[in-house]
Structure formats: structure tokens, C-alpha cells
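[1] Give me a 3D structure for the following:
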Amino acid sequence: MFLVPQSSCRPRRLASTITRPARGGFALIITILLMSLLVLIMVSFASLTRVETQIAANQQRMEKARQNALFGLQVAMGQLQKYAGPDQRVTARAELTATATNPYYTGVWDAAAAATAAGDARTRTATLEAAGQLNPVSPSVWLVSGNEVTPTAINHNSLSSAMREPVTLVKATGTGVIGQVVVPKVQLTSNQVPGYSGPQPIGNYAYWVGDEGVKAKLSVVDPYTPRPAVANAPEFTPTSLQTYYRGVSAQRFGIEAVDDGTATATLGTRYNPTANTTDSAILLRDLNKIISYSSANFASFDQATLRARFHDLTVHSNGLLTNTAAGGLRRDLSWHFAQPDATDGLDKTSLLYLTEQANYPAKSSSINPKWQALKAYYNTPVINGATDVVMSSASNAAHPIHPIVLQARFFFGCSSDPSGTYLNARVAFVIANPYNVTLNVQPI
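    Down below sits the predicted model:
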């Protein structure tokens with residue numbers, strides 16, 4: 001038996017030499033690419049951070065400016081309420097004086113002194129004018145920024161060069177500086193700025209209160225204006241009674257007569273609500289839709305005209321029936337006249353004309369009417385729908401009811417008889433009833 005070694009049965013591996021390329025440069029390239037990618041990511045993050053920081057800073061500045069503006073608004077409203085809130089206050093623009101440097105500043109005058117001064121209206125006016133209390137250039141305050149401490153520090157003649165950081169709130173509406181409103185900035189300070197001690201400036205505000213009450217409201221529409229039918233607005237023809245209403249009181253402002261800002265034409269060339277044409281009907285329809293002054297361009301008003309007449313036209317003019325002389329609201333005379341004498345609350349013995357008028361030279365004269373006469377006229381049976389009325393004599397305490405004289409004739413002649421010659425005279429009057437009911441004439 002023969003034993004063969006196991007190793008002798010394995011196949012032998014042939015030795016061979018294989019040449020492979022070098023790999024040392026590939027790792028360097030990968031490293032550079034990775035570093036470039038990291039640098040790109042870092043630059044992107046840095047740019048993104050810078051942009052976000054700028055956005056946050058802008059938002060912070062915007063919010064700061066917004067808060068400063070709201071603070072200025074609150075100050076302006078406080079000044080307006082403080083000085084113009086009481087009933088016995090009157091507002092007007094500085095253009096009352098022809099030489100005002102700032103004609104569109106709003107001043108507030110106190111009328112309470114005029115109500116408590118001694119004497120009649122003429123005497124009170126003369127007294128207050130002599131004391132300077134009714135001087136048009138000396139109001140209680142000018143409603144602009146900078147007058148929070150001293151109410152007239154910034155006044156109608158203040159020059160912008162003398163103001164602290166003047167800012168233009170209303171740009172010029174005409175040539176040069178016509179219509180421009182310039183006010184000073186008021187600096188805001190705080191004692192709580194980190195890293196600083198004492199008051200530090202943190203912002204500014206500025207405001208101007210315009211007087212809307214002196215402007216004409218362009219969105220007022222005469223409801224009785226005849227107009228043809230247009231889209232979303234039917235044809236309208238006023239009745240005779242509605243036409244009468246138009247003549248009793250003005251139903252709107254005559255905007256079409258206002259200069260359009262060019263000094264060569266009026267607004268009537270484009271705005272004519274009384275023309276009874278399709279264009280005027282469209283205008284009347286669109287005027288009811290105006291909710292702001294800037295939106296008036298949708299009702300045939302171009303932006304140039306709106307800008308030129310910014311200080312003359314408005315859509316926000318409103319008012320209250322306040323009693324400027326005595327305070328409170330004005331009384332409804334119709335209600336008082338309808339009450340019994342004991343409870344009507346009227347001083348019926350007072351004269352209607354407190355000052356001496358040409359037709360009523362003496363205040364104590366019997367022909368100067370009293371409030372009682374006005375109440376008597378209101379309660380005339382003719383007004384209350386009676387079918388007849390009794391004639392009454394005239395006095396300063398009662399409304400006269402009598403016929404009117406249409407003609408007065410005088411006849412003269414001569415006659416004679418055995419006893420002598422005589423001059424004869426006769427008088428004839430033609431009278432008429434001015435009332436629409438029977439007038440019961442009492443025997444003379």
C-alpha cells in the first residue's frame with residue numbers, strides 16, 4: 001500500500017505579475033470637493049443669515065416707525081379733543097389772515113368768553129376784540145406737532161427754516177409751495193436704552209390736523225336731480241313737489257363751479273351733475289360709491305384735479321348741531337313751540353334782535369319782535385290745518401293776521417250849494433286775503 005502525500009494532489013498556482021494604476025491623487029480631489037461644498041454651504045448660510053438679519057432689522061425699524069406714527073396720532077387726537085372737544089370751540093384755518101405763511105394750519109378759538117361777556121352781541125364782540133380774544137391770528141392752539149407744551153409755539157407764520165427737522169406732510173398742490181404743509185418733527189426719548197444712561201433719542205413723530213369742516217363734500221348727491229337710465233341706475237323724473245324741495249334748501253354743493261386747479265377751467269367741464277345726460281347720470285351713480293378722497297377718481301375725477309383741490313374738497317365733512325354760544329346741542333324750536341307756554345322752556349319775553357339793527361333802531365321798541373311772536377306764528381291756525389282764521393292786530397308778542405293792501409285810491413272833487421263851496425275827498429282800499437283759508441274780518 002502506498003501513501004501519497006495530500007499536498008502533492010493540490011494544483012499549483014502559477015505566479016503572475018499584474019500592474020495597477022496609482023490611487024494617491026483621487027483622495028486629494030475628493031477632499032477638495034468636500035471642502036468646496038462646505039465653504040459653499042457656509043457662504044450660503046452666511047448670506048441667508050445676513051438677509052434674515054436685514055429683514056428683521058427692517059421689520060424692527062418699520063414697527064418702530066409705525067409705533068412712533070401711532071404715538072403721534074394719539075397725541076394729535078389728544079390735542080384735538082383737549083382744545084376742540086368742548087362745544088364752545090370754533091375751528092378755522094390760518095388763511096383767515098391773508099399773509100399767513102402756513103395758511104392750512106388749523107386753529108381753535110374759545111367762544112365761551114363771548115357767551116359770558118357783558119352786554120349785547122355787538123358790545124361783547126367789541127370788548128373781546130379789544131382784549132385780543134377774538135383776534136383771528138391768536139387762537140388757543142394751532143393743531144400741529146411741536147405745540148404740545150406751548151400751544152402756539154409753531155404758528156401760522158412759522159418758517160420751515162426755523163423748525164426742528166421740518167417734514168412735508170402735504171406736498172404742494174400747485175405751483176411753488178402752494179398747498180404745501182410743513183411741520184417740525186418732535187423727538188422721542190427714553191431712559192431705558194440698554195448701555196446708556198439718561199434720556200436717549202429713540203425716534204420722531206410729526207402731525208398736522210386738517211379742518212375738514214371748511215371743505216365742500218363732493219360725494220353729496222341731490223336725490224331730486226332728473227337723470228336718464230344707465231346701468232344699475234333707473235331713470236328718474238322728479239315730481240313738482242320734489243322740484244320744490246330743491247328750491248327750499250340746497251341739496252348739494254356746487255362743486256362744478258370750483259376751479260379745477262389749472263386756473264383755465266372749472267370742474268363743470270368734466271363734472272356736471274345737473275346736465276341730465278348719460279354722463280351726469282353715471283356720475284351721480286358713482287358718487288354714492290366714493291368711500292375715500294383717493295377713490296374719487298372712479299367718479300370722473302382725475303388725480304391731478306384731486307391733488308390740486310385737496311384743501312377744498314372732501315368726502316368726510318360732517319358736523320354736529322352744537323350750540324357754540326352756550327354749549328350743548330342746539331334746541332329744536334319746533335318741539336318747544338308745540339309745548340304749552342308753562343312748559344316750553346323758552347324765554348318768550350326776550351327780543352329776537354339783541355343788537356341794534358337798521359329796521360329795529362331801539363331794542364325796547366314795541367316793533368322789535370319777541371320769541372313769543374315767533375311761537376304765535378308757529379301756532380297760527382292756518383299752519384295747523386284750520387279752515388278759517390280770525391284777524392288779529394300786530395304786536396311784538398303776537399303774530400299779526402290781517403289782509404294785505406293791494407291798492408289805495410284817493411278821490412278829490414268839488415261841490416257847491418246855496419250855502420257854499422265844498423272840497424270832497426274819498427278813500428278806497430283794495431285788500432286781499434293772503435291765506436289759503438277764510439279770513440274772518442272783525443268789525444272796525
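
[2] Pull the contacting residues for the nearest residue to residue 286 once chain neighbours are set aside.
    Closest residue to residue 286 apart from its sequence neighbours, by CB to CB, 6 or more residues apart in numbering: residue 299 at 3.9 Å. All C-beta atoms are positioned from the backbone trio N, CA, C, and that covers glycine. Residues in contact with residue 299, defined by CB atoms under 8 Å, 6 or more residues apart in numbering, are 283, 286-287, 289-290.

[3] Show the buried residues in those.
    Buried subset of the contacts of residue 299 (neighbour count, 16 or more other CB atoms under 10 Å): 283, 286-287, 290.

[4] From the residues you listed, pick the one nearest residue 215.
    Closest approach between the buried ones among the contacts of residue 299 and residue 215, by CB to CB: residue 290, at 13.9 Å.

[5] quick one: secondary structure of that closest one?
    Here residue 290 is recorded as coil under DSSP: H, G, I helix; E, B strand; the rest coil.

[6] Looking at the buried ones among the contacts of residue 299, which one is closest to residue 102?
    Closest to residue 102, out of all of these and judged by CB to CB, is residue 290, at 28.9 Å.

[7] Please report how far that closest one lies from residue 309.
    Separation of residue 290 from residue 309 (CB to CB, to the nearest Å): 14 Å.

[8] Could you give the number of residues near residue 211?
    Look at residue 211: counted by other CB atoms under 10 Å, it has 20 neighbours.

[9] Which pLDDT value belongs to the nearest residue to it once chain neighbours are set aside?
    Spatial nearest neighbour of residue 211, chain neighbours left out: residue 106 (4.4 Å); criterion: CB to CB, 6+ apart. pLDDT for residue 106: 94.

[10] follow-up on the earlier one: any idea which of the buried ones among the contacts of residue 299 is closest to residue 147?
    Nearest to residue 147 among the buried ones among the contacts of residue 299 is residue 290, at 32.9 Å by CB to CB.

[11] Would you mind confirming that residue 242 is in contact with residue 226?
    No - using CB atoms under 8 Å, residue 242 is not in contact with residue 226, being 9.6 Å away.

[12] tell me the mean pLDDT for stretch 294-312?
    The average pLDDT within stretch 294-312 is 81.

[13] now swap in stretch 43-50 and tell me
    In this model, stretch 43-50 has a mean pLDDT of 91.

[14] For that stretch, list the C-alpha coordinates in PDB.
    Coordinates of each C-alpha in stretch 43-50 appear next as PDB, following Å, rounded to 0.1, in the frame of the first residue of the first chain:
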ATOM      1  CA  VAL A  43     -21.300  81.100   2.500                       C
ATOM      2  CA  SER A  44     -25.000  80.300   1.800                       C
ATOM      3  CA  PHE A  45     -25.700  80.200   5.500                       C
ATOM      4  CA  ALA A  46     -23.900  83.400   6.000                       C
ATOM      5  CA  SER A  47     -25.800  85.100   3.100                       C
ATOM      6  CA  LEU A  48     -29.100  83.700   4.400                       C
ATOM      7  CA  THR A  49     -28.300  84.900   7.900                       C
ATOM      8  CA  ARG A  50     -27.400  88.400   6.600                       C
END
